[in-house]
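Trainee: here is a sequence together with a model predicted from it:
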Amino acid sequence: MRTLYLFNMITLDGYFEGATKWDISWHNVDAEFNEFAIEQLNATDTLIFGRVTYEGMAAYWPTETPIKNDPIVANTMNSSPKVVFSRTMKKAEWNNTRVVKENAAQELANLKKQSGKDIGILGSANLASTLVESGLIDEFRFMINPVILGKGTLLFQGFGDRLNLRLLKARTFKSGNVLLCYGRE
């Protein structure tokens with residue numbers, strides 16, 4: 001069975017975006033992070049998004065700037081199969097993307113049964129909060145950035161139940177970022 005992981009960059013105080021929508025100016029990204037991103041993407045063959053994250057990613061990765069400045073990640077993001085979960089989208093324009101309107105948990109359960117590499121949920125906090133309750137997320141990968149914002153959007157808003165996790169691995173980066181990978185207890 002394939003591993004379904006959630007990857008998010010967050011602040012020390014638990015925010016995945018700043019006070020305004022798509023404020024990720026605090027992301028601490030350097031060459032070492034980029035190597036990690038490439039390694040993670042190479043172990044992944046399906047990318048999962050909620051509508052909001054999909055729209056931001058689709059507006060960025062196919063453009064000239066990432067293709068020129070970050071060609072390996074851009075190529076992988078643009079060529080990988082992608083699934084966007086949205087009740088409102090009619091179609092997806094980004095290469096290799098399909099829209100699923102209903103039953104995210106069942107769709108992901110089916111994807112996990114197929115052969116292949118890991119399945120990665122990138123960002124997509126609303127979708128992630130919904131899926132936590134399904135028990136389908138195998139790994140929670142958090143890249144903690146050494147910054148406190150004081151306000152913004154919390155990662156697991158609306159998730160009301162306790163979920164105990166166990167540390168699978170941790171990695172420190174020269175930038176001060178810390179990757180924490182957790183699995184379900």
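Mentor: Right, received. Where do you want to start? Computed from a prediction, not measured in an experiment: that's the story for all the values here.

Trainee: from what I can see Lys169 touches Cys181, true?
Mentor: Yes: between Lys169 and Cys181 there is a contact under CB atoms under 8 Å: 4.8 Å. C-beta: built from backbone N, CA, C; applies to glycine.

Trainee: what about those two, which has more around it?
Mentor: Cys181 (17 against 11; other CB atoms under 10 Å).

Trainee: would you mind pulling the contact partners of the host helix or strand of the more buried one?
Mentor: Taking DSSP states H and E as the definition, one finds Cys181 inside strand 178-184. Strand 178-184 is touched from outside by 36, 135, 137-144, 146, 163-173, with contacts defined as CB atoms under 8 Å, 6 or more residues apart in numbering.

Trainee: in it, which residues are buried?
Mentor: 179-182 (16 or more other CB atoms under 10 Å).

Trainee: next up, the contacts around Asp161.
Mentor: Counting by CB under 8 Å, 6+ apart, Asp161 has contacts Glu133.

Trainee: mind checking the end-to-end distance for stretch 156-163?
Mentor: 11 Å (CA to CA, to the nearest Å).

Trainee: again with stretch 60-78
Mentor: This stretch, stretch 60-78, spans 10 Å end to end (CA to CA).

Trainee: what does that stretch contact?
Mentor: Applying CB under 8 Å, 6+ apart, the external contacts of stretch 60-78 come out as 34, 37-38, 41-42, 47, 57, 94-96.

Trainee: could you do stretch 105-120 as well?
Mentor: Outside stretch 105-120, the residues touching it (CB under 8 Å, 6+ apart) are 1-7, 40-41, 43-48, 83, 85, 100, 130-131, 134, 136.
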